[in-house]
Structures are given as structure tokens and as C-alpha cells.
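Colleague: fold the stuff below for me.
(2 chains)
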Amino acid sequence: MIPRWVTAAYLLYLGIPIALLFVGSFGNLWLNTLLPTGATFKWYVEVASDPSFRRAFTTSLIVVVLVCACCVAIGLPLAYAVFRAPSPRVRALARMLYLLPVALPALVLAFGFILAFSSDVLPWLGSVWLLVAGHVVLGLPYFLQTVVADMQRLGLRALEEAAESLGGNAWQRFVDVVVPALRHSILSGLIVVAALSIGEFQFSNLIAGFLNRTYPVVLLQAFYGATGFACAATVLLLALALLASVAGALSAGGAARVAAANG
Amino acid sequence: MSTAAVSLRDVSFSYPGAKAGVSGISLDIAPGELVVCIGPSGCGKTTVLRLIAGFLAPQAGSVRLDGVDVTAAGVRSRQCGIVFQSYALFPHMRVRDNVAYALRVRRVAPAERRRRADEMLELVGLAGLGDRLPAALSGGQQQRVALARALVFEPRALLLDEPLSALDAATRTTMRGEIRRIQKARHIAALLITHDQDEALSLADRIVVLREGRLVQDAPPQAIYDRPADAFVAGFLGRANLLDGEVVAPDAVRTAIGRLATAPHGRPQGARVQLLVRPERIEPVFPGALAGSDGDAAAGDNVFAARIVHDEFFGASRQLALAVGAGRLEIETTRRGAVEHVHVPRAAVQFLSTPP
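Modeller: Modelled structure (predicted):
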């Protein structure tokens, strides 16, 4: 009985702020009352027609796509190298190293980036690429963790050896076996990375240039204005995060199906 | 004499930084022959398989397949079909695509590879399951898929790495027979790695026993069981009573269980020897059987008083541990009831080479 109540209370606690955001985004006026008064759709129209929000929305989408691409391009070979490390000690060390950024506050990373990239030698502060680089640093540990664990669970080594004994060359083994066998973990790793990139505020707020601010950075400004507008903008962020996850899931699933269909 | 399908000559390999490995292994497998390689864990049996498959390159010696030296060749060009301990089926491919993978990388036309994959699936008894995913199959069925996949490209040899260890006891017995049937049907040279003595004795045309990286004995199952090279082989394949003793007569040895009459052995008086008596060769003598003979035949002919220490009933047979004299004997019998004396026939006593 008690566990059920605790669960219910916790779900309520989780759900209420989100529910209030929803309600608020459709409310005409919301001052000191429990619930807003009057129903309207105008806040969404206003957010959608706001040029800085439109721009931030696009920037966020571009950043999340680039971050996911980089995570796969860097993370997959890295995960493979860790998985194939010759000794358990090297593997444990590598694991500690790649999990380190999890303990690193995004703020610290941002200050580091500001120091490194505001110089004349590396004058890249404010570029989209720097934003992507930071998000990759923050997201990669989660991607690696998921993929390396899956490699171990699947017994990827034996799968590759099987493919090799059957005559598959290195490229065929990678395309026919490694990637499709890992598709679930690559996918779930990317969902985490995408959600992280879309919602990331601390780092982006300090690093992003004025013209390529991400959505959460611009969102903060909204809370200085009308409540309904802020709620609508936040709901859009939520939708964006969900959309990125679903899109990631579908595209990765589609890629895997294509690979399997070639078989 | 035809060339061996697989031939190892004085092959040595040691893992960097580790003591484990194999040394001086020579081994031939004829086409159609099933050789079982057995030994305790860490004896190097999987290393032997990986040396033949090409996953490891020997530091000394040579590996030949069908008479061609492949010591320096890679895994792909060796074309050995391998059944892995974990089966290593591709989890994202349907059973038919798993089986056909070797044909796909060889660019066999889709219709042809489908036909050959289905043919193999029929041979292993999985006709009609080609569209399933491996995860939807039982352990025994996955094993069959692995076998079909390893055989579909007509490999030079079939290598099986502890293929039955992940199966339950009943399936294991069935698959044992299946592996042998399929291997014989394809008339392929096969090496099967195991640590299970029943598997080795029942499956093999020849058994190779490995210990600490060295080949201890290479002989057909019956020969290995009846004439083990040493105490280790005797104890590893089948149950064994090993008795240390000293020669006291041209046809007798003094052991912990008493004076044991043997066949004439031609060893010098006082020599230290080790004797082997298989438990099933020892006969219990039941109360009353000795009456009338007054024990004189008994005393001269290896009849000993015994006390049961441990009694285990297996249905068809019974295994007893007996205290005899100052030593112990294990016996296996089909008879019920108390055992107070045992008879060790002279013919059942074997001399092993000098104790280690």
C-alpha cells in the first residue's frame, strides 16, 4: 500500500509543474491566482513569430544534429577501443577517464572554453562549432557508457570473430555486424545526448554568441515577460526535446532496418 | 595415405606476459574424422583451436590445412567453420541470413544463397525456421543454426569450441548425436573442444588430452580409457582408483589396500609403481559367497575385506567408496545389498608409467 502511495505522490510531484506549464501556456491572464483565467492560443503564435525564438529554435536543431553526429563519429571508435583494450586495468582506467566529464560542472567547462578560445590564437568564441564541441564533451560520457556496456553484453568480440571466420573483411564486419548489432545502444545513447544538448543551459549561456544562442538561453529572457508567453516557450522546448528523441529513434531504427534489409 | 585436412607440427604459442599457452603440439585430423580435444580449464585447448582458426599465430611450428602451409595466413583465407561457445549468432539477422552470411560476403547470388542456406537448415533439422530471429530460438536450436552457418560455405575444417556447455543435460545428449551425424554427413574434419569426459568418450573418433599446454595422449576413446598414458589421463577420463605401491614379487605389488596380485609384470623387486583399477572392474563379494572356500582362494586372489564409507545410488548403478586395509577403493556395481568383501581381478590391475 505504502509503496503505491509514494509512487503516486512522486508522479504527482513530477507531473504538476509540467501540467501547470501546459495550463499556463493556454491561459490568457495569470497573475496571483492558482490557475490562469481565460483561454487563448495567442502565446504560441507570439513565440512562433518572435524572430529571436525562431532563430534559437533553428540553432538548437542544428546543434543537436551536429552533436549527435560527432558523438557517433568520435564515440563509436572510442567505445570500440575501450572495449578491445588488452587488459582489464586499461579498461577500468579508460572508463574512469571517459566518465570524468560527468563530474565536471558545465560552468567550469564554460570558463575553460572562454579562457582557451577568446585568445588571438584560437578566436572561436561565439561560433556554433564551439557550442557543439562543448555539448559533445558533456554528452559523450553517457554515449560511451551505454555503447561499451552493450558491446560487453552482446559479446561483440565473438560476433566479429564469427564474421571474420565466415570471410567478412574489416569493413563488412563493421557494417554488417558491429553497427546493426549495436543499434539499440547507439540509439538510446543518442537520445540521452540529444535531450542533454537541447536542454543544456549553463554552458550554452556563457559560450553562445548573440546570433547563435540556443533555445534554453533565449527562453530565460521569456520569464522576464508575460507568464503565458514563457509557458508556451517552455512547452515548445519540451516538445523539441521529445521530437529530437523520437527523430533520433526513428532515423537510427530506419538505418538499422536498411542495413538488415541488405542482408 | 591421403593428406590430413588439419595438421599441426610442433606448434608453440604463449600469451604475452602470461604463463598459459601451448608448446610442442603435433596433431593430425583426417577428412571426415572427429577429434575431441579435452583437458582441464587453462590447459590450452581453446588456444589450439584458435591457432588452427588463425586467430593466433604460433611462435614456433607450422599449421597446414589440406596440405597447404597456412601458418602465416589470416583467419579469412583459412576458411575454417567455427562454432563458438556462445554461438555468436548475429542477433539482428534472421536465421537464414545468419546461415547465408558466408555466402553473402562471397557474393553468391541471393537466390542461390537462399537455396543453400535452406538446404543447410534442413540438414540440421531447422527447416521452416529461417525467418525467425536467433533470440526466438531455444539453446539447442541456436546451436544448430551455428552449426549450419559454419558448414554452409564448405569449410576445410569444422572447429567447435565447447559447443555443448551452454545446454541443459537432455539437450546436450541429443546435440551430441546431432553434431556427429551432421559432421559425418558432410565428411568434414572436425575438432571439438570440451572438458566433459562423457562428451569426449562418446563423440570422438580420437581423443587428444592436453595438460598445462602439452599434449599428453592422442588415441581412440577405448584406447585412452583402457590404456591411459598416465595417472592424470586415467583420472581425467573416467573414474579411477590409483594405487601407489612397491613390487614385492614378479606378479604382486604391495599397496595401501594390501598385497595385490597382478599379471607378471617384469619389474624389479622393490620398484615403486602406480597401479590403476577402474571402479567397474572391481567385483563385490557378498556374504555367503566365501563360505566353504574358507578364504584360501580369497587370500591369494585379491579378495579384501571392505567397509562401506559412502554409498550413492544412481538407479542403474551404485557407486561405493570403500575402506580397504589402509587405503580406499571406489567401486561401481549393479548389485544391491551389503558389501563386506571385494575381489580385484588380476586382469583389472594396470601398471601406469612411473609416478610423477
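
Colleague: wait, residue B:80 sits on residue B:156?
Modeller: Yes: between residue B:80 and residue B:156 a contact is recorded at 6.2 Å, counting by C-beta atoms under 8 Å. Any C-beta I mention is one placed from the backbone N, CA and C, and that applies to glycine too.

Colleague: would you list the phi and psi of residue B:4?
Modeller: For residue B:4, the backbone dihedrals (degrees, to the nearest 10) come out as phi -70, psi 150.

Colleague: now do the phi/psi pair for the spatially closest residue to it that is not a sequence neighbour.
Modeller: Once flanking residues are discounted, residue B:4 sits nearest to residue B:28: 4.0 Å by C-beta to C-beta, 6 or more residues apart in numbering or on different chains. Here is the backbone geometry of residue B:28 (degrees, to the nearest 10): phi -120, psi 140.

Colleague: hey, which helix or strand in chain B has the poorest pLDDT?
Modeller: Within chain B, no helix or strand scores below helix B:296-300, which has a mean of 46 by mean pLDDT, DSSP states H and E.

Colleague: counting neighbours, what do you get for the residue nearest to residue B:4?
Modeller: 17 (other C-beta atoms under 10 Å in any protein chain shown).

Colleague: so between residue B:80 and residue B:156, which is more surrounded?
Modeller: residue B:80 (23 against 18).

Colleague: got the phi and psi for the more buried one?
Modeller: phi -100, psi 140.

Colleague: so how far is chain A from it?
Modeller: 6 Å (C-beta to the nearest C-beta, to the nearest Å).

Colleague: helices of the stretch 101-250 of chain B, start to end?
Modeller: Using DSSP state H, counting those that start in this stretch, the helices found in the stretch 101-250 of chain B span residues B:110-123, B:139-151, B:169-186, B:197-203, B:221-226, B:231-236.

Colleague: quick revisit: what are the bridge partners for the residue nearest to residue B:4, then?
Modeller: Taking DSSP bridges as the rule, residue B:28 bridges to residue B:7.

Colleague: isn't it up against residue B:52?
Modeller: No: with contact defined as C-beta under 8 Å, residue B:28 and residue B:52 do not form a contacting pair (11.6 Å).

Colleague: what do these two both touch?
Modeller: B:6, B:8 (C-beta atoms under 8 Å, 6 or more residues apart in numbering or on different chains).

Colleague: what residues does residue 126 make contact with?
Modeller: By default, I'm working from chain A. Residue A:126 sits next to A:207, A:208, A:209, A:210, A:212 when contact means C-beta under 8 Å, 6+ apart.

Colleague: sorry, should have said chain B
Modeller: Residue B:126 neighbours (C-beta under 8 Å, 6+ apart): B:95, B:141, B:144, B:145, B:148.

Colleague: which among those residues gets closest to residue B:266?
Modeller: Nearest to residue B:266, judged by C-beta to C-beta, of the contacts of residue B:126 is residue B:144 at 52.7 Å.

Colleague: from chain A, how far off is that closest one?
Modeller: Taking C-beta to the nearest C-beta as the measure, residue B:144 falls 15 Å from chain A.

Colleague: just give the number of residues close to that residue.
Modeller: Residue B:144: 26 neighbours (other C-beta under 10 Å).

Colleague: do I have it right that it meets residue B:178?
Modeller: Yes: applying C-beta under 8 Å, one finds residue B:144 in contact with residue B:178, separated by 7.1 Å.

Colleague: so the residue nearest the centre of chain A is in which element?
Modeller: Geometric centre of chain A, nearest residue: residue A:194, 2.0 Å, by C-alpha atoms, centre = their mean. Using DSSP states H and E, residue A:194 maps to helix A:183-199.

Colleague: helices and strands around that helix, which ones?
Modeller: Applying 3 or more C-beta pairs under 8 Å, 6 or more residues apart in numbering or on different chains; DSSP states H and E, we find helix A:183-199 packed against helix A:51-83, helix A:128-154, helix A:215-222, helix A:227-261.

Colleague: list the contacts for residue A:41?
Modeller: Per C-beta under 8 Å, 6+ apart, neighbours of residue A:41: residue A:26.

Colleague: let's see that with 10 Å instead.
Modeller: Going by C-beta atoms under 10 Å, 6 or more residues apart in numbering or on different chains, residue A:41 touches A:25, A:26, A:232.

Colleague: before we move on, back to that, overlap in contacts, residue B:80 and residue B:156.
Modeller: With C-beta under 10 Å, 6+ apart as the test, residue B:80 and residue B:156 both reach B:5, B:6, B:52, B:65, B:70, B:189.

Colleague: tally of neighbours for the residue of the stretch 151-300 of chain B found nearest chain A?
Modeller: The minimum distance from the stretch 151-300 of chain B to chain A, using C-beta to the nearest C-beta, falls at residue B:153 (7.0 Å). If you count neighbours by other C-beta under 10 Å, residue B:153 ends up with 22.

Colleague: what's the biggest strand in chain B, counting residues?
Modeller: Assignment by DSSP state E gives strand B:303-313 as the longest strand of chain B.

Colleague: which neighbouring elements make contact with the helix or strand that comes right after that strand?
Modeller: Next in sequence after strand B:303-313, counting helices and strands by DSSP H and E, comes strand B:318-324. With contacts taken as 3 or more C-beta pairs under 10 Å, 6 or more residues apart in numbering or on different chains; DSSP states H and E, strand B:318-324 sits against strand B:283-285, strand B:303-313, strand B:327-333, strand B:341-343.

Colleague: what's near enough to touch the residue nearest to the centre of chain A?
Modeller: Applying C-beta under 10 Å, 6+ apart, we find residue A:194 in contact with A:64-65, A:67-68, A:71, A:135, A:139, A:240-241, A:243-249.

Colleague: so how far is chain B from the closest residue to it other than its chain neighbours?
Modeller: Of all residues not flanking residue A:194 in the chain, residue A:244 sits nearest, at 4.2 Å (C-beta to C-beta, 6+ apart). Between residue A:244 and chain B the distance is 24 Å, computed by C-beta to the nearest C-beta.

Colleague: what's the burial count for residue A:244?
Modeller: Residue A:244, neighbours per other C-beta under 10 Å, totals 23.

Colleague: for the stretch 101-250 of chain B, what lies in contact range of chain A?
Modeller: With C-beta under 10 Å from any C-beta of the partner chain as the criterion, the stretch 101-250 of chain B comes near chain A at residues B:101-106, B:146, B:149-150, B:152-153, B:155, B:159, B:161.

Colleague: which of those residues are buried?
Modeller: Buried members of these, scored by 16 or more other C-beta atoms under 10 Å in any protein chain shown, are B:101-105, B:146, B:149-150, B:152-153, B:155, B:159, B:161.
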